[in-house]
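Trainee: mind folding the following:
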Amino acid sequence: MIRPLLFLLLTLPAGVWAQAYLGDDMPFFQKKGGLFQHWLESKQMSKALKVDQVRLKNNGYELELWLAMASADPDEGAALWKTLQRSFQASNPQSSIETALFDTFVRMMEIPATQGNVQIYLPSEDGSGYSPCFYVWIWEENGEVLTEQNVNSCRAQPLEIEVELPAVKQAQPSSSVRFNFAEERRKAFSRIISYVEKRYRIDAAKRYKTEGCHERMPVIDTLVGEYTLKIEVQDLCREVLTLEKKSLWCRFVEQWWGPCNDIRRERLEFTFIYHPTEEGYMLTGSLTGKFGSGVYKPRTSGYMDMEPDFEEDFLKPYVQRFNNDLKKYLEAHP
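Mentor: Just a heads-up that it's a prediction; the model follows:
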């Protein structure tokens with residue numbers, strides 16, 4: 001018969017034999033978790049990331065740092081994470097944000113790199129747990145920091161637009177420069193809203209008259225935050241799904257009683273995040289495409305995602321066109 005202690009040792013994960021037991025040091029690790037949050041603040045990451053918990057795994061032989069994104073929305077969470085990656089890379093071209101987070105964690109906790117990992121997650125929208133649409137896992141193996149990422153796998157298409165603006169000589173002190181960043185962000189968001197109004201309200205209204213999209217009046221809702229701009233456009237017709245056609249019934253009605261339109265309604269949801277660059281600014285974010293009934297106006301929950309059925313043939317090409325069109329507009333209207 002195998003003794004209990006021997007059985008426990010035989011069932012421990014591989015590599016534990018040479019590792020130290022960490023369970024007795026949890027008060028120390030919890031205190032260091034607070035210091036890690038201060039480090040995030042010093043690196044201007046705390047508006048996007050916060051320490052959730054430090055916990056033990058593998059019978060006390062592995063330490064995990066759980067970081068939460070400052071959003072429960074998958075689109076915004078993905079955009080925030082991409083912005084963090086890009087901003088960190090711009091300031092630290094020889095490293096990555098993943099390596100910095102992991103190295104700082106194991107150094108603060110004073111543990112071997114093989115006994116730690118960092119996990120970044122998105123809170124679920126109902127507050128009950130974690131979103132399946134987003135996670136980042138960072139660990140070390142054979143002396144190399146490795147990462148596994150699943151960022152916004154559920155629905156949205158990524159937006160990435162680099163806007164180059166005419167050079168302007170900056171003569172103000174650094175405090176004024178930071179203030180101007182906020183002002184430039186406000187101006188950029190205002191220009192994006194103007195473009196969306198032109199594309200989906202003014203231009204679409206003209207196009208609908210010749211494309212059989214009767215009685216469609218696109219509705220635009222905007223929400224401007226400190227760093228993000230969200231735009232929703234509803235009641236679109238043949239915007240992404242360009243091959244949509246009226247039903248035989250609707251065409252029959254038009255022959256006898258006048259205009260009829262039962263082409264499926266489309267809804268586009270945009271998230272934009274702004275950060276400045278030396279040449280202008282970068283917009284990252286996402287676009288989610290949805291469709292609903294053409295006979296009646298569906299509620300928000302009545303729309304269905306265009307992915308995956310219409311992703312390759314319609315949504316991805318549309319996002320690429322939108323990126324190019326918005327870039328041209330913003331650079332022509334600095």
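
Trainee: tell me which stretches of this protein form strands.
Mentor: Counting by DSSP state E, one finds strands in the chain at the ranges 49-57, 62-69, 116-123, 130-141, 144-151, 157-164, 219-224, 228-237, 265-276, 280-292, 304-305.

Trainee: any idea of the mean pLDDT for the last one?
Mentor: Mean pLDDT, strand 304-305: 86.

Trainee: follow-up on the earlier one: and residue 324, which of the strands of the chain is closest to it?
Mentor: Evaluated with Cβ to Cβ, the strands of the chain place strand 157-164 nearest to residue 324, the distance being 8.6 Å. Every C-beta, even on glycine, is put in place using the N, C-alpha and C of the backbone.

Trainee: which positions within that closest one qualify as buried?
Mentor: 157-159, 161, 163 (16 or more other Cβ atoms under 10 Å).

Trainee: mind listing what's buried along stretch 186-200?
Mentor: By 16+ other Cβ under 10 Å, the buried positions in stretch 186-200 come out as 188-189, 191-193, 195-197, 199-200.

Trainee: adding distance to residue 263, write the buried residues of strand 157-164 out as TSV.
Mentor: As requested, these are exported to TSV (distance: Cβ to Cβ, whole Å):
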residue	distance to residue 263
157	22
158	28
159	26
161	29
163	34
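
Trainee: on that earlier part again, make JSON lines out of the strands of the chain and add distance to residue 106.
Mentor: Formatted as JSON lines, those follow (distance: least, Cβ to Cβ, whole Å):
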{"stretch": "strand 49-57", "distance to residue 106": "12"}
{"stretch": "strand 62-69", "distance to residue 106": "8"}
{"stretch": "strand 116-123", "distance to residue 106": "5"}
{"stretch": "strand 130-141", "distance to residue 106": "8"}
{"stretch": "strand 144-151", "distance to residue 106": "10"}
{"stretch": "strand 157-164", "distance to residue 106": "31"}
{"stretch": "strand 219-224", "distance to residue 106": "39"}
{"stretch": "strand 228-237", "distance to residue 106": "32"}
{"stretch": "strand 265-276", "distance to residue 106": "28"}
{"stretch": "strand 280-292", "distance to residue 106": "29"}
{"stretch": "strand 304-305", "distance to residue 106": "40"}
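
Trainee: nearest to residue 316, of those strands?
Mentor: strand 157-164 (6.4 Å).

Trainee: any idea of the angle the closest one forms with strand 265-276?
Mentor: Between the axes of strand 157-164 and strand 265-276, defined by axes from the mean of the first three to the mean of the last three Cα atoms, to 10 degrees, the angle is 40 degrees.

Trainee: contact partners of strand 157-164?
Mentor: 78-79, 82, 152, 188, 270-272, 277, 279-289, 307, 311, 315-316, 319, 322-323, 326-327, 330-331 (Cβ atoms under 8 Å, 6 or more residues apart in numbering).

Trainee: in the stretch 201-334 of the chain, where is pLDDT below threshold?
Mentor: For the stretch 201-334 of the chain, the stretches with pLDDT under 70 are 252, 254, 258, 294-301.

Trainee: what helices or strands is the top helix by length along the chain leaning on?
Mentor: Longest helix of the chain, by residue count under DSSP state H: helix 174-197. Judged by 3 or more Cβ pairs under 8 Å, 6 or more residues apart in numbering; DSSP states H and E, helix 174-197 is in contact with strand 219-224, strand 228-237, strand 265-276, strand 280-292, helix 316-332.

Trainee: repeat the analysis, applying 10 Å as the threshold.
Mentor: On a contact count with 3 or more Cβ pairs under 10 Å, 6 or more residues apart in numbering; DSSP states H and E, helix 174-197 meets strand 157-164, strand 219-224, strand 228-237, strand 265-276, strand 280-292, helix 316-332.

Trainee: what number of residues lie near residue 211?
Mentor: The tally of other residues near residue 211 (other Cβ atoms under 10 Å) stands at 15.

Trainee: was I right to think it contacts residue 242?
Mentor: Yes: counting by Cβ atoms under 10 Å, residue 242 is a contact partner of residue 211 at 9.5 Å.

Trainee: before we move on, back to that, for residue 183, which of the helices and strands packed on helix 174-197 is the nearest?
Mentor: Once those are compared by Cβ to Cβ, strand 265-276 is nearest, at 11.0 Å.

Trainee: and the closest one, which strands flank it?
Mentor: When pairing is defined by DSSP bridges, strand 265-276 lines up against strand 228-237 (antiparallel), strand 280-292 (antiparallel).

Trainee: now those in JSON lines, with distance to residue 21 and mean neighbour count?
Mentor: Output for those, formatted as JSON lines (distance: least, Cβ to Cβ, whole Å; neighbours: other Cβ atoms under 10 Å):
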{"stretch": "strand 228-237", "distance to residue 21": "44", "mean neighbour count": "21"}
{"stretch": "strand 280-292", "distance to residue 21": "43", "mean neighbour count": "22"}
